[in-house]
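In: Quick one, what's the 3D model for this:
(chains A and B)
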Protein chains: 2
Amino acid sequence: MSILVVGSVALDSVETPFGKRERALGGSATFFSFSASFFDRVNLVGVVGEDFPPEYVELLRSRGIDTRGLATLPGETFHWVGSYRYDMGQAVTHSTCLNVFERFQPEIPAEYRESGHLFLANIDPELQMDVLRRIERPRLVACDTMNFWIEGKRDALIELLGSVDVIILNDAEARQLTGQPNLVRAAKAIMEWGPEEVVIKKGEHGALLFGADSIFVAPAYPLEHIIDPTGAGDTFAGGFVGHLARAGKRDWKTMCRAAIYGSVMASFCVEDFSLDRMKTLTEEEISFRYREFIRLSRID
Amino acid sequence: MSILVVGSVALDSVETPFGKRERALGGSATFFSFSASFFDRVNLVGVVGEDFPPEYVELLRSRGIDTRGLATLPGETFHWVGSYRYDMGQAVTHSTCLNVFERFQPEIPAEYRESGHLFLANIDPELQMDVLRRIERPRLVACDTMNFWIEGKRDALIELLGSVDVIILNDAEARQLTGQPNLVRAAKAIMEWGPEEVVIKKGEHGALLFGADSIFVAPAYPLEHIIDPTGAGDTFAGGFVGHLARAGKRDWKTMCRAAIYGSVMASFCVEDFSLDRMKTLTEEEISFRYREFIRLSRID
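Out: I've put the predicted structure just below:
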């Protein structure tokens, strides 16, 4: 089995109170892939421009990520420029140049078509639907979205949800999508559109997993040093879907563990810029922090 | 053993998207006492005006709360007028009339002086210190504070912390007090001033308990119906200190359980206005929700 991810591959110029990076490797599909690669094989579909540094492709390949679906188009790579203040809660976007990403038409290599798990990262919901139509129905389909699509393509997004098993989104998006400030009600409203499970990410406050009649609270790891939160949400999704793919099942207990693995992976991501922490991550470190997470909220 | 609480007793006029109450029973010492009364005997010290409805005193007594320390002064009772928007995150204060509370000089009845546990609710840190000086050192001293004192009486507050075992405050207060946006660092900074444990309340995101080298994450109960969040923080403190008093010990495991009981009590408080939900609460309901809380974040 393997995991197919369709999303953005970008260059991020980020400034936080702890430093600055120019044109570092970023993008939703990138962070997701890197994180998921610790759990299962990953097939990446995305697009970059001619300026995309070959060493970034090498970095992805070094984790065994299949990049045959990463197209190169004439022009420049998607470039995001943003910064964070001391509270690290919310990115301030200075500029978003979509560049070649504006013309993104996901092409799924034949070799990818039997991927058992699909993650539709944050792209136009019409493209997400299009991907779904062009491949054999995977065992599990998960998706993300963002405020831009909730505002501009709400109908397409809600249609998509009818074909999705799990949606992973943040608290502000859940509230915006449903008009429900209460997250329990927001999750219920979303489940009525299709998904059997809803994961609401709350940044430094962890994540909530909602099923038909169960709720699980995954804490966030209380970190002393948060260097750059960019990519934490997609890294969470990579750990979550990654664990489900590795486990090969999706009963409630496996889902809860997947939410913890999502939090574990996100907790590493924010410890340095771009993929700098993830690059040196080991499976032992993941297992160790997983056990620490369990301890964090365990009452014997 | 019993619990002594010194703080405000107030009349609250509150409006939320779900309704409105005029001059309902409120105040930090009130919410704390009511909550703690489910765990141990409570001795209340506070002040009200001549307009304070006798049935409110009766309500406190009906839970076995000792009100001999509740003084009545000529004039009107502390009156807070506030409202909440749909997100319920932050109260909007329309007016705060301290009235008799402005002249509050806590008098500790002789019968109260051997209370084993003391909670110094949110009042002037000089008065909090004064109370501590006038009684025999209890087995456990916990306190709360607020932005007003952090701004206006920071030195007195930091002096107080040198004599306090546990401080229970919210995330914004912890950040303001220490100048540290990161809560792990904020808690460490506070512990350097004296407290052995720091509890940081995060409203709908639960609470963090910090010890010398341990952290515990207490989730908040994901509630579908939040009617009025007023008093949730003091109700949390009542459950927390209440459980410690009942258990008669304060090892780490007991502290963690106390944090869960704090969250349990707060989750009931917000289900209705003022003490309306707490009035009908039973010990069975508390035990049941405690077990549900444990399940919420348990991975078997």
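In: Run through the helices of chain A in chain order.
Out: Using DSSP state H, the helices of chain A run over residues A:28-36, A:54-62, A:125-134, A:147-152, A:154-161, A:171-178, A:183-192, A:232-247, A:252-269, A:276-279, A:283-296.
In: And the strands in the stretch 1-150 of chain A?
Out: Counting by DSSP state E, counting those that start in this stretch, the segments of the stretch 1-150 of chain A that form strands are A:2-6, A:10-16, A:19-26, A:41-49, A:66-73, A:79-83, A:92-97, A:117-120, A:140-143.
In: Sheet partners, orientation included, of the fourth one?
Out: The sheet places strand A:41-49 alongside strand A:2-6 (parallel), strand A:66-73 (parallel), with pairing taken from DSSP bridges.
In: Tell me the pLDDT of the nearest residue to A:Arg185 once chain neighbours are set aside.
Out: Of all residues not flanking A:Arg185 in the chain, B:Glu224 sits nearest, at 5.8 Å (Cβ to Cβ, 6 or more residues apart in numbering or on different chains). (Glycine included, C-beta is placed from N, CA and C.) Here the pLDDT value assigned to B:Glu224 is 89.
In: Phi, psi for B:Glu224 please.
Out: Torsion angles at B:Glu224 (phi, psi; degrees, to the nearest 10) stand at phi -90, psi -30.
In: that older thread, now tabulate the strands paired with strand A:41-49 in TSV and tack on mean neighbour count and distance to B:Val14.
Out: Shown next, in TSV, are the strands paired with strand A:41-49 (neighbours: other Cβ atoms under 10 Å in any protein chain shown; distance: least, Cβ to Cβ, whole Å):
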stretch	mean neighbour count	distance to B:Val14
strand A:2-6	27	48
strand A:66-73	18	56
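In: And these: which comes nearest B:Ser2?
Out: Closest approach to B:Ser2 among the strands paired with strand A:41-49 is made by strand A:2-6 (58.4 Å; Cβ to Cβ).
In: just to revisit the earlier point, for the strands of the stretch 1-150 of chain A, please prepare TSV with the additional fields mean pLDDT.
Out: Shown next, in TSV, are these (pLDDT from 0 to 100):
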stretch	mean pLDDT
strand A:2-6	97
strand A:10-16	96
strand A:19-26	97
strand A:41-49	98
strand A:66-73	97
strand A:79-83	96
strand A:92-97	93
strand A:117-120	98
strand A:140-143	98
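In: near chain B, which residues of the stretch 101-250 of chain A?
Out: Neighbours of chain B within the stretch 101-250 of chain A, by Cβ under 8 Å from any Cβ of the partner chain: A:181-185, A:188, A:202, A:204-206, A:208, A:215-219, A:222-226.
In: and the residues you listed, which are buried?
Out: When neighbours are counted using 16 or more other Cβ atoms under 10 Å in any protein chain shown, those contain these buried positions: A:181-185, A:188, A:202, A:204-206, A:208, A:215-219, A:222-223, A:226.
In: Just those residues: which are in strands?
Out: When DSSP state E is applied, these are split such that A:208, A:215-218 fall in strands.
In: before we move on, the earlier item: which one of the strands of the stretch 1-150 of chain A lies closest to B:Val92?
Out: Proximity to B:Val92 (Cβ to Cβ) singles out strand A:92-97 among those, at 25.8 Å.
In: in stretch A:246-263, what's buried?
Out: Buried residues in stretch A:246-263, counting neighbours by 16+ other Cβ under 10 Å, are found at A:246-247, A:250, A:255-263.
In: again with stretch A:16-24
Out: Residues of stretch A:16-24 classed as buried by neighbour count (16+ other Cβ under 10 Å): A:16, A:21, A:23-24.
In: Quick check: the gap between A:Pro106 and chain B.
Out: Distance, A:Pro106 to chain B, by Cβ to the nearest Cβ, to the nearest Å: 35 Å.
In: measure that residue to A:Ile135 for me?
Out: Relative to A:Ile135, A:Pro106 is positioned 10 Å away (Cβ to Cβ, to the nearest Å).
In: Could you do A:Leu160 as well?
Out: Distance from A:Leu160 to A:Ile135, by Cβ to Cβ: 14 Å.
In: who has more neighbours, the two?
Out: When A:Leu160 and A:Ile135 are compared for neighbours, A:Leu160 comes out ahead with 27 against 16, by other Cβ atoms under 10 Å in any protein chain shown.
In: which ones are touching A:Leu70?
Out: The neighbours of A:Leu70, taking Cβ atoms under 8 Å, 6 or more residues apart in numbering or on different chains as the test, are A:9, A:44-48, A:57, A:60.
In: Just list whatever residues bridge to A:Val5.
Out: A:Leu44, A:Phe119.
In: Pretty sure it sits against A:Phe32.
Out: Yes: between A:Val5 and A:Phe32 there is a contact at 5.0 Å, judged by Cβ atoms under 8 Å.
In: anything in contact with each of those two?
Out: A:119, A:121.
In: still on that earlier bit, looking at the strands paired with strand A:41-49, spot the one closest to A:Val166.
Out: Nearest to A:Val166, of all the strands paired with strand A:41-49, is strand A:2-6, at 13.0 Å by Cβ to Cβ.
In: And the closest one, how far out from the chain middle?
Out: Centroid separation between strand A:2-6 and its chain, computed with Cα atoms, centre = their mean, to the nearest Å, is 11 Å.
In: Could you dump the ones in strands among the buried ones among the residues of the stretch 101-250 of chain A next to chain B into CSV and include pLDDT?
Out: CSV is the format used below for those (pLDDT from 0 to 100):
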residue, pLDDT
A:Leu208, 97
A:Ile215, 95
A:Phe216, 96
A:Val217, 95
A:Ala218, 94
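In: can you put those residues in CSV and add distance to A:Val141?
Out: Below are those laid out as CSV (distance: Cβ to Cβ, whole Å):
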residue, distance to A:Val141
A:Leu208, 20
A:Ile215, 22
A:Phe216, 20
A:Val217, 24
A:Ala218, 21
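In: farthest-separated two in these?
Out: Counting by Cβ to Cβ, the most remote pair of those is A:Ile215 and A:Ala218, 10.7 Å apart.
In: Overlap of the contact sets of the two?
Out: A:208-209.
In: Spatially central, which residue of chain A would that be?
Out: In chain A, the centroid-proximal residue (Cα atoms, centre = their mean) is A:Asp234; its distance is 2.2 Å.
In: Skipping adjacent residues, who's closest to it in space?
Out: Using Cβ to Cβ, 6+ apart, the closest residue to A:Asp234 is A:Phe31 (3.7 Å).
In: same check, this time on A:His225
Out: Leaving aside its sequence neighbours, A:His225 sits nearest to A:Glu271 (Cβ to Cβ, 6+ apart; 6.4 Å).
In: Tell me how many other residues surround the one you found.
Out: Counted with other Cβ under 10 Å, residues neighbouring A:Glu271 total 17.
In: Just read off the phi/psi values of it.
Out: The phi/psi pair for A:Glu271 (degrees, to the nearest 10) is phi -80, psi -10.
In: what residues are up against the closest residue to A:Pro195 other than its chain neighbours?
Out: Of all residues not flanking A:Pro195 in the chain, A:Ile167 sits nearest, at 4.7 Å (Cβ to Cβ, 6+ apart). By Cβ under 8 Å, 6+ apart, the contact set of A:Ile167 is A:142-145, A:161, A:190, A:195, A:198-199.
In: If anything else comes up later, I'll come back, but that's it for now.
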